[in-house]
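**Q** Model the following, please.
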Amino acid sequence: MARTVTINGKPREVDVPDEMPLLWVLRNELHMVGTKFGCGKALCGACTVQVDGVATRSCVTPVGSLEGKQVTTIEGLADEPVGKALQDAWLEHDVMQCGYCQAGQLMNASALLKRNPEPDERQVEAAMSGNICRCACYGRIKTAIAVASAVAKKEQADV
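**A** Next up, the predicted model:
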């Protein structure tokens, strides 16, 4: 069934079954390969995107449930000030090793900072606990989130 899904602020038409997971619509139909397949069971976080600003596992989210909603993927993250601050902090603190989980990590961190611009360490750990990094870059991830939070706070104060 043809439908329009708004992804990174742009309407995209896809002709797929309602039950097709968003992950496969992004990767196979729209050729947006930044969102990764990890486990297929919403356990690892590699496929995390945002739906209306909420971190969402795309591997178990049926495309038919997205009518009227805004989907943000890693490809659109830098269009938002918090996303840009996170990407800069990720690079500055050399967070990535293999990089496979990082799109999901960034999308989850962005959702956290949007709802809580100044999380403490426990809030960061709780929010990020569902995203697995096989390279164990958790310390650098927490540092980058703290730095991005401070940068976003300063930028808002300057406005």
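
**Q** Give the residue spans of the chain that score low on pLDDT.
**A** Low-confidence segments of the chain (pLDDT under 70): 156-157, 159.

**Q** And the strands in it?
**A** Per DSSP state E, the chain carries strands over the ranges 2-7, 10-15, 48-51, 54-57, 70-72.

**Q** Identify whichever of those strands lies nearest to D88.
**A** strand 70-72 (17.6 Å; C-beta to C-beta). Placement of C-beta: from N, CA and C, glycine included.

**Q** List the buried residues of the closest one.
**A** Of all the residues in strand 70-72, those buried under the rule 16 or more other C-beta atoms under 10 Å are 71-72.

**Q** which other helices and strands contact it?
**A** Judged by 3 or more C-beta pairs under 8 Å, 6 or more residues apart in numbering; DSSP states H and E, strand 70-72 is in contact with strand 2-7, strand 48-51.

**Q** Turn those into TSV, including distance to V95 and mean neighbour count.
**A** Shown next, in TSV, are the helices and strands packed on strand 70-72 (distance: least, C-beta to C-beta, whole Å; neighbours: other C-beta atoms under 10 Å):
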stretch	distance to V95	mean neighbour count
strand 2-7	25	16
strand 48-51	15	26
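
**Q** For P21, which of the strands of the chain is the nearest?
**A** strand 54-57 (9.1 Å).

**Q** What residues of the closest one count as buried?
**A** 55-57.

**Q** what comes into contact with it?
**A** 22, 42, 45, 47-50, 107-108, 111-112 (C-beta atoms under 8 Å, 6 or more residues apart in numbering).

**Q** If we use 7 Å, what do you get?
**A** Contact with strand 54-57 is made by 42, 47-50, 107-108, 111, as judged by C-beta atoms under 7 Å, 6 or more residues apart in numbering.
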